[in-house]
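**Q** Structure of the sequence below:
(one chain, ligands or ions: 1)
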Amino acid sequence: MSFDVIVVGEGIAGLAAARDCARAGLRTGTVEQMMFGGLVTSINELIDWPGEGGEACSGSDLATQWITEAADAGVESLGGCATGIEADSAGVLLHTDAGSHRARCVIVASGASRRPLGVAGEDAYVDRGLSHCADCDGPLVKGADVVVVGGGDSALQEAAVLAHYARTVHVVHRGTTFRARPAVQAVFDQAFAGREGALSIRWQSTVTAIEGEDGIEAVQVTGPGGTARLQARAVYPCVGLVPNSGWTGLPVDAAGAILVDDRLATSMPGVHAIGAVRAGYGGRLVDAIADAAIAARFVKESLEC
Ligand SMILES: Cc1cc2nc3c(=O)[nH]c(=O)nc-3n(C[C@H](O)[C@H](O)[C@H](O)COP(=O)(O)OP(=O)(O)OC[C@H]3O[C@@H](n4cnc5c(N)ncnc54)[C@H](O)[C@@H]3O)c2cc1C
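**A** Here you go, the predicted model:
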């Protein structure tokens, strides 16, 4: 069975691209290795996203809305984890762990994964205090101390959520200033406003060890004053994302993001890359959707030639 376009990844970029391609009359399929939605599914209140009537919107609501729109437009969800891609005279062959699919074009929207802290033994604490979703398990740390690692948008967003539950949120950041967008910084400031002792910021510091027998009990933080041991029941690493580009074999930049031109085309004929997997991605949902619209337009144009 041959498709006009196959989109790899059912995150917001992939769902938007698939919907736009299907609405343009192209036979469109998607492959997704896990569940639709990608990174947004762990976020209860999206920032910089114009929810309906200005209302706050959750990531999972948004993802549900977009997968519904994609399905209504005729997108076929094929499932599977993409493992390789090759171009030949007939188009593009996409390999997955559930078989291979042929398409005239492929849009790579495989997004990014959370970067680990790089602390010894970190993996042993996954789901035992090491979390990537403050919205999911915030209630479990009610009254406890927690550590958020990072100084960008997602760190401040997670810390703001935890402000509602934790006794003290320790933010451990290797820099000397935060680098969150103003809208995110405002949410963070508001969450801790007037709450003496609820926030402790460790500048120029890194987490050097996590301790605990049946889950996290303490965290070692190393900074200008030496190493301190903080009591903590949970750690939220927000130290960046790693593009899910390795399976493609396509040329990438120093961060591992796929190199694209102005049309978001990669170096492989018929293959575009959009969203968090591509070099130069803007980082917000509106950027993911703009990428999707650009790629869908150029794919449509190239198939009409
Ligand atoms: C904690 C956090 C909070 C954020 N909050 C906001 C916010 O409030 N507002 C905002 O505008 N932006 C926010 N962002 C950014 C936004 O979530 C991302 O920019 C956007 O979700 C990226 O979408 P994507 O579709 O490119 O990638 P992803 O969401 O990563 O989706 C990629 C999809 O591809 C799938 N996939 C990966 N590899 C394969 C493969 N080999 N085969 C098949 N499928 C594969 C994955 O399972 C995933 O479903 C936040 C990000 C984080 C981490």
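**Q** In terms of residue numbering, what are the domains of the chain?
**A** Split into domains by automatic domain parsing, the chain comes to 2-113+241-304, 116-237.
**Q** Tell me which of the ones you listed is the most buried.
**A** Comparing these by mean neighbour count (mean count of other Cβ atoms under 10 Å), domain 2-113+241-304 ranks first with a mean of 20. C-beta here means a position set from N, CA and C on the backbone, and glycine is covered the same way.
**Q** Got the phi and psi for Thr222?
**A** phi -110, psi 130 (degrees, to the nearest 10).
**Q** In contact with the nearest residue to it once chain neighbours are set aside, which residues?
**A** With Cβ to Cβ, 6 or more residues apart in numbering as the criterion, Thr222 has its nearest non-adjacent residue at 4.5 Å, and that residue is Thr208. With contact taken as Cβ atoms under 8 Å, 6 or more residues apart in numbering, Thr208 is in contact with 119, 220-222, 227.
**Q** Point out the ones among these that are inside strands.
**A** 220-222, 227 (DSSP state E).
**Q** For the stretch 51-200 of the chain, what lies in contact range of the ligand?
**A** Contact residues, the stretch 51-200 of the chain versus the ligand (Cβ under 6 Å from any ligand atom): 81-82, 109-112, 154, 157.
**Q** Kindly present these as TSV, with separate columns for secondary structure.
**A** Shown next, in TSV, are these (DSSP: H, G, I helix; E, B strand; the rest coil):
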residue	secondary structure
Cys81	coil
Ala82	strand
Ala109	coil
Ser110	coil
Gly111	coil
Ala112	strand
Ser154	helix
Gln157	helix
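**Q** Closest to Asp135 out of those?
**A** Nearest to Asp135 among those is Gln157, at 9.4 Å by Cβ to Cβ.
**Q** where does that closest one land on pLDDT?
**A** The model reports Gln157 with a pLDDT of 95.
**Q** Pull the contacting residues for it.
**A** Gln157 touches 43, 47, 180, 184, 187-188, counting by Cβ under 8 Å, 6+ apart.
**Q** ok, of these, which one's closest to the ligand?
**A** Ile47 (3.8 Å; Cβ to the nearest ligand atom).
**Q** what sits against Ile294?
**A** 263-264, 274 are the contacts of Ile294 under Cβ under 8 Å, 6+ apart.
**Q** any idea how far the ligand is from Ala257?
**A** 11 Å (Cβ to the nearest ligand atom, to the nearest Å).
**Q** Report whether the expected contact of that residue with Gly283 is present.
**A** No - between Ala257 and Gly283 there is no contact under Cβ atoms under 8 Å: 11.4 Å.
**Q** Leaving out the residues flanking it, which one is nearest to the closest residue to the ligand within the stretch 201-305 of the chain?
**A** The nearest approach of the stretch 201-305 of the chain to the ligand comes at Gly275, 2.3 Å away (Cβ to the nearest ligand atom). Closest residue in space to Gly275, ignoring its immediate chain neighbours: Ala13 at 2.8 Å, by Cβ to Cβ, 6+ apart.
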